[in-house]
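Chemist: output the structure for:
(one chain, ligands or ions: 1)
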Amino acid sequence: MAAMSLLSFETPERRRSSVNLAEMHRKVSQIEHDEIQKVTSSVLEKTNLCPKLGIICGSGLGGLANEIKDPQVIPYAEIEGFPKCTVQGHAGNLVLGYLSGVPTVCMQGRLHFYEGHPAWLVTMPIRMMKLIGVETLIVTNAAGGLNQDYKSGDVMVIKDHINMVGMTGHHPLVGPNDDKFGPRFPAMTVPYDRELRHLALQTAEELGFSSFIREGVYLSLSGPSYETPSESIFMRSIGADTVGMSTAPEVVVARHAGMRVLGFSMVTNVVILELDSDAIPPTHQEVMDTANARAKDLQLLVKTIVGKLASTL
Ligand SMILES: O=P(O)(O)O[C@@H]1C[C@H](O)[C@@H](CO)O1
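Modeler: This is a model prediction of the structure:
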């Protein structure tokens with residue numbers, strides 16, 4: 001009976017797409033130049049813009065895409081080889097247009113490892129961006145504040161990351177290296193561009209944002225569970241200021257391909273370090289609500305930074 005109802009659900013289209021996705025998930029290696037060309041061609045068929053800047057919007061931070069002028073919106077479902085977004089607060093659109101006059105491609109919604117995608121697929125859009133001409137990437141995320149001086153609604157300029165999901169073997173560059181993208185052993189000594197970080201902090205000060213701007217280290221977990229108190233104490237003790245479930249793998253692939261990166265963590269909840277605490281545990285709703293409440297400030301900050309960079313991009 002259960003098998004019959006499953007079968008009756010299967011249309012040829014459904015069967016085709018599930019086979020393709022299953023094939024993609026079986027592949028453990030990083031995506032190569034020729035394969036990514038197909039995804040890239042599928043995007044280029046739908047636009048004649050040549051973006052110089054790429055943006056990835058974190059949970060509840062997709063409003064940044066609405067700042068883009070003359071937008072062309074391409075749902076991920078219409079791009080060959082692009083998985084759908086399954087997480088609330090991630091619309092699942094590629095938005096192309098002009099941000100502060102700069103031709104930009106923006107992911108209004110990102111892909112996460114915990115959605116079931118291998119690390120190479122989570123980061124595949126970065127390579128697509130590289131092939132369509134992007135040289136500078138701005139990433140945003142929602143994150144928990146491990147640093148107990150941080151408050152909900154603080155915005156942290158990311159100065160470094162700890163790619164814990166990569167350190168446990170789920171690294172996006174595993175597999176034969178494609179030298180057309182970058183070297184076999186890329187250095188990660190300066191993952192987040194020094195000049196861009198400086199510009200971000202200076203711009204935040206000019207906008208009167210000093211009371212909620214921070215600079216610190218982001219740690220990537222796989223998720224989807226939030227951290228236990230002991231895990232949090234450990235992560236804080238090794239130098240992390242914020243913790244989340246994204247970003248570092250994307251940044252590693254961007255740096256491998258020689259892109260300049262600027263990153264922001266929106267602190268959406270203060271992480272609980274105490275055992276058996278009565279404090280309210282984090283929820284994704286809280287994450288999105290807090291991100292939404294501060295989103296306009298982050299949008300203004302990013303727009304102003306991009307305006308200042310316009311002549312150099
Ligand atoms: O996509 P980001 O990293 O901004 O989203 C964070 C991490 C999880 O996806 C989710 C948890 O609430 O928010």
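
Chemist: from the chain, which residue is nearest to the ligand?
Modeler: Relative to the ligand, the nearest point of the chain is G58 (2.7 Å; C-beta to the nearest ligand atom). Every residue, glycine included, has its C-beta placed from N, CA and C.

Chemist: ok, now how distant is that residue from L273?
Modeler: 23 Å (C-beta to C-beta, to the nearest Å).

Chemist: circling back: I'd guess the residue of the chain closest to the ligand is in a helix, am I close?
Modeler: No - using DSSP: H, G, I helix; E, B strand; the rest coil, the assignment for G58 is coil, not a helix.

Chemist: show the pLDDT at it.
Modeler: The pLDDT attached to G58 in the predicted structure is 94.

Chemist: how much space is there between it and G244?
Modeler: For G58 relative to G244 (C-beta to C-beta), the value is 8 Å.

Chemist: so what sits against both of those two?
Modeler: The contact sets of G58 and G244 overlap at 141-142 (C-beta atoms under 8 Å, 6 or more residues apart in numbering).

Chemist: the two: which is more packed in?
Modeler: Neighbour totals were compared for G58 and G244, and G58 leads with 29 against 24 (other C-beta atoms under 10 Å).

Chemist: find the nearest non-adjacent residue to that one, please.
Modeler: Counting by C-beta to C-beta, 6 or more residues apart in numbering, G58 lies nearest to N141, which is 3.8 Å off, once chain neighbours are set aside.

Chemist: what's the answer for N93, then?
Modeler: Nearest non-adjacent residue to N93 (C-beta to C-beta, 6+ apart): Q108, at 4.4 Å.

Chemist: do P249 as well
Modeler: Residue nearest to P249 in three dimensions, not counting chain neighbours: P172, with 4.8 Å by C-beta to C-beta, 6+ apart.

Chemist: tell me the SS of that neighbour?
Modeler: P172 is classified as coil under three-state DSSP.

Chemist: please see if stretch 122-131 touches the ligand.
Modeler: No - on the criterion C-beta under 6 Å from any ligand atom, stretch 122-131 is out of touch with the ligand, staying 10.5 Å away.

Chemist: what about R294, neighbour count?
Modeler: Here the number of neighbours of R294 (other C-beta under 10 Å) works out to 20.

Chemist: residue contacts, it?
Modeler: By C-beta under 8 Å, 6+ apart, the contact set of R294 is 153, 155, 212, 266.

Chemist: pLDDT score assigned to I272?
Modeler: For I272, the predicted pLDDT is 96.

Chemist: what's the closest residue in space to it that isn't next to it in sequence sitting at in phi/psi?
Modeler: If the residues on either side of it in the chain are set aside, I272 comes closest to A279, at 5.1 Å by C-beta to C-beta, 6+ apart. According to degrees, to the nearest 10, the main-chain angles of A279 amount to phi -60, psi 150.

Chemist: count of neighbours near A279?
Modeler: The burial count for A279: 11, using other C-beta under 10 Å.
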